[in-house]
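>>> Sharing a model prediction with you, sequence too.
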Amino acid sequence: MVGGGSSGGGRRGESADLHSAARSGDLAAVQSIISSNPLAVNSRDKHSRTPLHLAAWAGHNEVVSYLCKNKADVGAAAVDDMGAIHFACQKGHLEVVRTLLSAGVSVKSITRKGLTPLHYAAQGSHFELVKYLVKKGADVRAMTKAGKNPADVAGNAETQNFLEECEEQARKGKANNEKKTEEVKPESRSIEGDNKDLKRKDPEVGNEEEKEEASSNAKKPKVVLPHLQDTDDTEADREEETEEPNNNVTSSHPSEMST
């Protein structure tokens, strides 16, 4: 271990040793340093690389696995936003890529220039790794900022042909999905319209509605104002009673009146 006069110098020495151990694949040294200084697991070198970046680049899967299980930042970005998976794909380390994907790294992660893991694997002509990435959902149509897809940067004809076939299948699949979507939409509208027409044309539904309306009308009581009617009748009776004696008096003979 590189010594130092201060604790800060000692920590920097530990970090440098950890980077060196990760790059060389010295698992025992990596374990020893991290056990004494857990924070060193995500320490950076002058190129902003972590121990995980260096182990992935060198293809030391055991070290990569240990670092992932001990709080290494699997999504950490180095210069140009390259992650551990980009370093591993650049060198064609299939087992390391598997470990990183299991640890949660995205197969579609991109660098500052728009390069995906599949771009790096294709560029290096790592055919088995290319097939594995495609199987795991890598986008064969992904474009870099320079307008290049993985097939465009493929390092050999085998890799290029495979990626072009995958790209064609992806294009056809997208076209078929769009066609199915267009076919389903009018059909759904037609079904909805037919249902509305059935509701309008169904005689039983119409008769039931008419019956309900008639029933509700029949059940509505007529508005009667008995108090007004009774009052008028009573007043009329009183007037008749009052008029009858007067009529008798009027109809009697004047002589009888004088008598």
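Here it is on my side, so go on. Residues are numbered from 1 along each chain as shown.
>>> shaky segments in the protein?
Under the criterion pLDDT under 70, the flagged ranges of the chain are 1-11, 179, 182-259.
>>> And the strands in it?
Using DSSP state E, the chain contains no strands.
>>> domains for it, by residue range?
Structurally, the chain divides into domains by the TED database as follows: 16-105, 107-176.
>>> Ends of the last one, what's the gap?
Just to be clear, that refers to domain 107-176. 25 Å (C-alpha to C-alpha, to the nearest Å).
>>> same thing with stretch 71-83?
End to end - C-alpha to C-alpha - stretch 71-83 spans 16 Å.
>>> How about it, which residues are buried there?
For stretch 71-83, a neighbour-count test (16 or more other C-beta atoms under 10 Å) marks Ala72, Val74, Ala76, Ala77, Ala78, Met82, Gly83 as buried. Yep, even glycine has a C-beta here, placed from its N, CA and C like the rest.
>>> what's next to it, contact-wise?
Stretch 71-83 is contacted by residues 38, 41-42, 47-53, 68, 84, 87, 100, 103-106, 109-113 when judged by C-beta atoms under 8 Å, 6 or more residues apart in numbering.
>>> Ok, stretch 136-155 next?
In contact with stretch 136-155 (C-beta under 8 Å, 6+ apart) are residues 101, 107-108, 110, 113-119, 121-125, 130, 134, 160, 163-164, 166-167, 170-171.
>>> Next step: those residues restricted to helices.
101, 117-119, 121-123, 130, 134, 160, 163-164, 166-167, 170-171 (DSSP state H).
>>> which one of the residues you listed has the most neighbours?
Counting neighbours by other C-beta atoms under 10 Å, Ala121 comes out on top of the ones in helices among the contacts of stretch 136-155 with 33 neighbours.
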